[in-house]
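S.K.: A structural model of the following input is requested.
(one chain, ligands or ions: 1)
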Amino acid sequence: MGPQAQNRQPTAYLLRLAAIEADKTYVTPIAPVMPVSRAVVRFIEAGNDALCGHCQLPVKFVARTRGRQVIANVYTDGRWTRVEHYHEACYEEAGDPFGSPRA
Ligand SMILES: [Zn+2]
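M.R.: Residues are numbered from 1 along each chain as shown. Okay, the predicted model is just below:
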């Protein structure tokens, strides 16, 4: 669903969604809500050369340690803007800036 489809959603529909959400302690995975930033935890692959969004050092693959990184898809006002990489520990230290990372 692109930004065009987002803009066509009637306000009443969004309000209804908000009401449903307020009544439940969870959000159903099929709810077509505005995309927000999210993060996942992944093993660092060989050849990864991204810089950590917190300490600015490379998120480097190191043989034998199976280091993990947090990869965040960052959305601004419902639009995807960028991907950020973090050392797993740095992401925690930064206070989960894009939500709790999913496995
Ligand atoms: Zn870092």
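S.K.: mind checking the end-to-end distance for stretch 89-103?
M.R.: 15 Å (Cα to Cα, to the nearest Å).
S.K.: and Glu92, helix, strand or coil?
M.R.: Reducing the assignment at Glu92 to three states with DSSP: H, G, I helix; E, B strand; the rest coil gives helix.
S.K.: Please read the previous query as pertaining to Val74.
M.R.: Going by three-state DSSP: Val74 is strand.
S.K.: Pop the domain breakdown of this protein in here.
M.R.: What the record gives for the chain is the domain set 1-33, 35-103, from automatic domain parsing.
S.K.: Pretty sure Glu45 sits against Val62.
M.R.: No - here Glu45 does not reach Val62: they are 11.5 Å apart, not a contact under Cβ atoms under 8 Å. To be clear about C-beta, it is placed using only N, CA and C from the backbone, and glycine gets the same treatment.
S.K.: Name the spans of this protein whose pLDDT lies under the cut-off.
M.R.: Under the criterion pLDDT under 70, the flagged ranges of the chain are 1-32.
S.K.: Please list the residues of it that sit near the ion.
M.R.: The chain comes close to the ion at residues 52, 54-55, 87, 90, as judged by Cβ under 5 Å from the ion.
S.K.: switch to 6 Å and redo it
M.R.: Selection of the chain residues close to the ion by Cβ under 6 Å from the ion yields 52, 54-55, 57, 86-87, 90.
S.K.: Please tell me which one of those counts the most neighbours.
M.R.: Neighbour count (other Cβ atoms under 10 Å) singles out Tyr86 as the most crowded of the residues of the chain next to the ion, with 28 neighbours.
S.K.: And what about that one, helix, strand or coil?
M.R.: strand.
S.K.: Which secondary structure state is assigned to the residue nearest to it when sequence neighbours are not counted?
M.R.: Once flanking residues are discounted, Tyr86 sits nearest to Val70: 4.4 Å by Cβ to Cβ, 6 or more residues apart in numbering. Following three-state DSSP, Val70 is assigned to strand.
S.K.: Okay, and the beta partners of Val70?
M.R.: For Val70, the beta-bridge partners under DSSP bridges are Val41, Tyr86.
S.K.: and it, how far is that from Glu92?
M.R.: 8 Å (Cβ to Cβ, to the nearest Å).
S.K.: I appreciate the help and will end here.
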